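Trainee: dropping a prediction and its sequence here:
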Amino acid sequence: MAASKKYESRVIASVASEGFVQEWSAEIIRRATATKTVVSKAQGGFASEAEAQVWAEKELAAFLELNERNKIKSRNKKRD
């Protein structure tokens with residue numbers, strides 16, 4: 001997983017009333033302040049934790065790439 005202080009992924013299990021895991025969800029979370037986090041992207045309905053983790057890592061990498069591209073465009077706009 002790509003290293004970032006601001007963005008990270010989280011995998012959550014949805015537990016049924018019988019005590020077993022029913023499905024898995026994955027989230028890309030953004031650190032808004034020191035104490036507050038915001039879900040930037042989420043997907044649920046995964047059958048296994050591994051599937052959710054793979055999705056989260058792939059989306060986090062794409063999210064960080066997009067973030068870096070936006071920073072570069074912003075710097076270029078300031079120069080104009």
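Mentor: Received, thanks. Note that the coordinates shown come from a computational prediction; the quantities given were computed from them, not determined experimentally.

Trainee: which stretches of this protein have low pLDDT?
Mentor: For the chain, the stretches with pLDDT under 70 are 1-3, 80.

Trainee: SS state for Ala61?
Mentor: Under DSSP: H, G, I helix; E, B strand; the rest coil, the three-state class of Ala61 is helix.

Trainee: do Leu64 as well
Mentor: The three-state label given to Leu64 by three-state DSSP is helix.

Trainee: now the one 4 residues further on
Mentor: The assignment at Glu68 comes out as helix when based on three-state DSSP.

Trainee: check which helix or strand covers the residue positioned nearest the centre of the chain.
Mentor: Nearest to the geometric centre of the chain sits Ile28, at 1.5 Å (CA atoms, centre = their mean). According to DSSP states H and E, Ile28 maps onto strand 21-31.

Trainee: may I have that strand as CSV, with CA atoms only?
Mentor: Output of strand 21-31 as CSV, limited to C-alpha atoms (Å, rounded to 0.1, in the frame of the first residue of the first chain):
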residue,chain,number,x,y,z
VAL,A,21,-19.2,-12.3,9.3
GLN,A,22,-21.9,-11.7,6.7
GLU,A,23,-20.0,-9.4,4.3
TRP,A,24,-17.0,-7.1,4.1
SER,A,25,-16.7,-3.4,3.2
ALA,A,26,-13.8,-1.3,2.2
GLU,A,27,-13.3,2.4,2.7
ILE,A,28,-10.8,5.0,1.6
ILE,A,29,-10.6,7.5,4.4
ARG,A,30,-9.1,11.0,4.5
ARG,A,31,-7.7,12.7,7.6
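
Trainee: what is Ile28 paired to in the beta sheet?
Mentor: Taking DSSP bridges as the rule, Ile28 bridges to Ser9, Lys41.

Trainee: how about Phe46?
Mentor: Applying DSSP bridges, one finds that Phe46 bridges with Trp24.

Trainee: OK, contacts around it?
Mentor: Each residue near Phe46 by CB atoms under 8 Å, 6 or more residues apart in numbering is listed here: Glu23, Trp24, Ser25, Ala26, Ala52, Trp55. Every residue, glycine included, has its C-beta placed from N, CA and C.

Trainee: in CSV, list those residues along with distance to Ala34 and neighbour count.
Mentor: Putting those into CSV (distance: CB to CB, whole Å; neighbours: other CB atoms under 10 Å) gives the following:
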residue, distance to Ala34, neighbour count
Glu23, 32, 15
Trp24, 28, 22
Ser25, 25, 17
Ala26, 24, 25
Ala52, 27, 24
Trp55, 28, 19
